[in-house]
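[1] my questions are about this predicted structure, shown below with the sequence.
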Amino acid sequence: MTLMTLAERKAEVDRRIEEACRRAGRDPSEVSVIAVTKYVSLERAREALAAGCLNLGENRWQDARDKWEALERESSEADEREKPVWHFIGSLQSNKAKDVVGKFTYIHSLDRLSLAEAIDRKAASLGITVPCFIQVNVSGEQSKHGLSPEGLQELAEGLRQYPAIRPVGLMTMAPHEGDPELTRPVFRRLRELRDEANRQGWFPEPLTELSMGMSNDFEVAVEEGATRVRLGTILVGKEEELM
Ligand SMILES: *Cc1c(COP(=O)(O)O)cnc(C)c1O
């Protein structure tokens, strides 16, 4: 894929998502792509935006800052349609929540009440609500962030104290497997957990979203119900390979 333009890569990703939707009997309009720009420069992120990738994902504020500031400034004069929508996808320390809330529309890594409190406090001071994904460590890998599936109900109850947080869905990261098919049970379990939460009414509003699937496994994730796939390498690439 290295020699393809970004627009070509995007078209290829969209085509593969459409095929995965067809296999699963889903409507492709239910799936949106987050272009993860954490590996690339401002120039490349700008190119992604110009190619129509309006949803941008970053996992550290320090690395995102220059891109965020420049693209926000440039798009403030542009048409509303061309404005980026920012997704914070990385693990977040509670004392960093104030840097991110108000800049990133969505937070994908809410996994504990102490973080919820920090997000809520900053959001309340800005008079906004923050749509959040709750990150669940389905695979149980030690290296992965996220709460255990068994902890979801309790977290949901605790979140009721934080009115500026609007839970919209669940997020997970699957283990990196050579064969993406091996990630299927992880994605399926996340969907079942969401459906269970909705059946039992754990959240004030039903959770509609599933943030799951990365470059190596997004088609399986789409087949299992992903509404957001987070694509870095396959879509915007990595800076080393672009040189
Ligand atoms: C980096 C990252 C991605 C994108 O990874 P690729 O494999 O390059 O697509 C997705 N989600 C999270 C949480 C990430 O940190």
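    That came in fine, so what should we check first? As the structure is a computational prediction, the values presented were derived from the model and not from experiment.

[2] where does the protein have low pLDDT?
    Across the chain, the ranges flagged by pLDDT under 70 are 1-2, 79-81, 242-243.

[3] tell me which residue in it sits closest to the ligand.
    Among residues of the chain, the one nearest the ligand by C-beta to the nearest ligand atom turns out to be residue 232. It sits 2.8 Å away. No exception for glycine: its C-beta is placed from N, CA and C like everyone else's.

[4] just give the nearest non-adjacent residue to that residue, would you?
    Spatial nearest neighbour of residue 232, excluding adjacent residues (C-beta to C-beta, 6 or more residues apart in numbering): residue 36 at 3.5 Å.

[5] make sure that neighbour is actually in contact with residue 88.
    No. Using C-beta atoms under 8 Å as the test, residue 36 is too far from residue 88 to be in contact (11.2 Å).

[6] got any residues that touch both of those two?
    Residues touching both residue 36 and residue 88 by C-beta atoms under 8 Å, 6 or more residues apart in numbering: 57-59.

[7] tell me, which of those residues make contact with the ligand?
    residue 59 (C-beta under 6 Å from any ligand atom).

[8] make a markdown table from the shared contacts of residue 36 and residue 88 and add secondary structure to it.
    Shown next, in a markdown table, are these (DSSP: H, G, I helix; E, B strand; the rest coil):
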| residue | secondary structure |
| --- | --- |
| 57 | strand |
| 58 | strand |
| 59 | coil |
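
[9] quick one: residues in contact with stretch 170-189.
    Applying C-beta under 8 Å, 6+ apart, the external contacts of stretch 170-189 come out as 89, 108-109, 133-139, 141, 144, 146, 149, 152, 190, 193-194, 197, 207, 209-214, 216-217, 219-221, 223-226.

[10] of the residues you listed, grab the buried ones for ChimeraX.
    Buried members of those, identified by 16 or more other C-beta atoms under 10 Å, are gathered into one ChimeraX selection as follows:
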select :89,108,109,133,134,135,136,137,138,139,144,146,149,152,190,193,194,197,207,209,210,211,212,213,214,216,217,219,220,221,223,224,225,226
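
[11] out of the contacts of stretch 170-189, which sit inside helices?
    Among the contacts of stretch 170-189, the ones falling in helices (DSSP state H) are 152, 190, 193-194, 197, 219-221, 223.
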